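Student: heads up, no residue letters with this:
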């Protein structure tokens, strides 16, 4: 093996070639050297070209991008024919900057590299630097050939690279540090992607994995970004716009799969969230104990669809029954006034004795207090609620615009007026709305006697301050039994 052999004039010559377009942004190359493995590997043995301290610099001295080391493998066969053809490209320590505009437009901030100058628009279809990258990708989408400089390129590797994004949507900058990112060319054209690194936002850093593929002249493909270990609440503290995540205080993993079309922001995506034990912290409204949470969502046609949510609650010590499972779906869309959403939630079964553990203390406080204190046995089954929401989750403003739902009560024990003995084996249907919860009693028996509870209604109203309760029961029994109940000291 020969080299590396420093060749100072090569760095200057490479600068002249790369800056031939004459744009204000220029490339500077600190040094160059070559190495060769000789004929040991036959005529396909590549010639290695090393570049040091490569920078894209503005006329005022501002550095747009920086690359401490680059290794380029050149095809010797092509060189003997008077052609330059890259076999492999390895970039170590690359630092890039990008801009994400308020409307979601994304571009690399390479200044006017390769262009004719002029200020970059806030959210252009493609900046000059983006055009260079698109031209490189266009070559990689074709089957390998030695007819152009990138035609023979087999692999591109980024080592210890860093991308810093000035994000107008998040209102702050974030960065991704890639320990390794490999782009391997397919025999039929296109590339496979694989890499690992870290995502940093504010003071929070989480590991990430990248995988995917890209092919075709339109640069279509898929990519998957996995964050295997995050705490959503910590990310929300790092960026206020992610405030909706603040409620989820638990360890989680997220996988985001997107469809790629060139360098544009993906318009379709699928996400999978998996959360371990923790709590859903609703602030002043209380907390929901969490054993596990699974959610699958998709973004398409400007709509966010939550196709499946499964929330497994954590039971209290000495629980009367197994912990309930909450399932649901939702759909949200963004309008000029903010986000609007419709959601459906279902609860399979919960014991009345455990209800206070799962029902957040700040939601319908009066109804919660009466029900958890006075319905001491039995169970609730088949709960289903349809909820309308609007607001700005990022800003912490979410309003309930509509609510309706129902659940079935079975074998309940209701202390409707203590210390009068309770009604037992009560069955009925609870109906929920924004203004009230109504329990329609369908039957039961008064404890300690032969009095039956034929039907009745218990109504909790939320449109008064404080909340009010109204109880109406129809009793069925002998006159002496009813008279004894009416004469109770209470």
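Tutor: Yep, it's here. Computed from a predicted model, the values in this text were never measured in an experiment.

Student: now residue 272, which residues is it bridged with?
Tutor: residue 255, residue 296 (DSSP bridges).

Student: That one contacts residue 296, correct?
Tutor: Yes. Between residue 272 and residue 296 there is a contact under Cβ atoms under 8 Å: 5.4 Å. Quick note: C-beta positions are derived from backbone N, CA and C, even for glycine.

Student: what's the least confident helix or strand in this structure, going by average pLDDT?
Tutor: helix 128-140 (a mean of 61; mean pLDDT, DSSP states H and E).

Student: Next SSE downstream of that helix?
Tutor: strand 155-167 (DSSP states H and E).

Student: Next secondary structure element downstream of that following strand?
Tutor: Downstream of strand 155-167 (by DSSP H and E), the next one is strand 172-185.

Student: how about that following strand: buried residues?
Tutor: Neighbour-count burial for strand 172-185, with 16 or more other Cβ atoms under 10 Å as criterion, is recorded at 174, 175, 176, 177, 178, 181, 182, 183, 185.

Student: nearest spatial neighbour of residue 142, skipping sequence neighbours?
Tutor: residue 189 (4.9 Å; Cβ to Cβ, 6 or more residues apart in numbering).

Student: who's in contact with the one you found?
Tutor: 140, 141, 142, 143, 215, 216 (Cβ atoms under 8 Å, 6 or more residues apart in numbering).

Student: Turn those into CSV, including distance to residue 369 and neighbour count.
Tutor: CSV is the format used below for the contacts of residue 189 (distance: Cβ to Cβ, whole Å; neighbours: other Cβ atoms under 10 Å):
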residue, distance to residue 369, neighbour count
140, 65, 21
141, 65, 21
142, 70, 17
143, 72, 11
215, 61, 17
216, 62, 12
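
Student: Now the two most distant members of these.
Tutor: Distances among those were taken as Cβ to Cβ; the most separated pair is 143 and 216, at 12.1 Å.

Student: about what we covered before: secondary structure class of the residue nearest to residue 142, three-state.
Tutor: coil (DSSP: H, G, I helix; E, B strand; the rest coil).

Student: got a pLDDT number for it?
Tutor: Note for residue 189: predicted pLDDT of 81.

Student: likewise the one 4 residues further on?
Tutor: According to the per-residue confidence, residue 193 scores 92 in pLDDT.

Student: Quick check, it in contact with residue 182.
Tutor: Yes. Look at residue 193 against residue 182 with Cβ under 8 Å: they come within range, at 7.3 Å.

Student: Tell me the one of the buried residues of strand 172-185 nearest residue 450?
Tutor: Distances from residue 450 to the buried residues of strand 172-185, taken as Cβ to Cβ, are shortest for residue 174 (70.9 Å).

Student: I'd like to know how far that closest one sits from residue 205.
Tutor: 10 Å (Cβ to Cβ, to the nearest Å).

Student: shared neighbours, the two?
Tutor: Common neighbours of residue 174 and residue 205 (criterion: Cβ under 8 Å, 6+ apart): residue 199.

Student: tell me the SS of residue 357?
Tutor: Assigned with three-state DSSP, residue 357 falls in the helix class.

Student: is it true that residue 446 touches residue 453?
Tutor: Yes. With contact defined as Cβ under 8 Å, residue 446 counts as touching residue 453 (6.4 Å).

Student: Give me the common contacts of these two.
Tutor: Going by Cβ under 8 Å, 6+ apart, residues that sit against residue 446 and also against residue 453 are 423, 475.

Student: Compute the distance between residue 439 and residue 322, please.
Tutor: With Cβ to Cβ as the criterion, residue 439 and residue 322 are 24 Å apart.

Student: What number of residues are in the vicinity of residue 163?
Tutor: By other Cβ atoms under 10 Å, the residues close to residue 163 number 17.

Student: That one is in contact with residue 96, isn't it?
Tutor: Yes. Residue 163 lies in contact with residue 96 (Cβ under 8 Å); the separation is 5.0 Å.

Student: Break down the stretch 251-400 of the chain into its strands, ranges please.
Tutor: Listed in chain order, the strands found in the stretch 251-400 of the chain under DSSP state E, counting those that start in this stretch are 269-281, 287-300, 303-313, 325-335, 338-351, 375-392, 397-414.

Student: mind putting the ones you listed in a markdown table, mean neighbour count included?
Tutor: Formatted as a markdown table, these follow (neighbours: other Cβ atoms under 10 Å):
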| stretch | mean neighbour count |
| --- | --- |
| strand 269-281 | 17 |
| strand 287-300 | 17 |
| strand 303-313 | 16 |
| strand 325-335 | 15 |
| strand 338-351 | 17 |
| strand 375-392 | 17 |
| strand 397-414 | 16 |
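
Student: Residue 169: which of the ones you listed is closest?
Tutor: It is, among those and with distance given as Cβ to Cβ, strand 325-335, at 12.0 Å.

Student: Tell me how far the closest one lies from the chain's centre.
Tutor: Chain-centre distance of strand 325-335: 14 Å, with Cα atoms, centre = their mean, to the nearest Å.

Student: try stretch 397-408
Tutor: With Cα atoms, centre = their mean, you get 25 Å for stretch 397-408.

Student: Same question for stretch 184-191.
Tutor: Centre to centre, stretch against its chain (Cα atoms, centre = their mean), the figure for stretch 184-191 is 30 Å.
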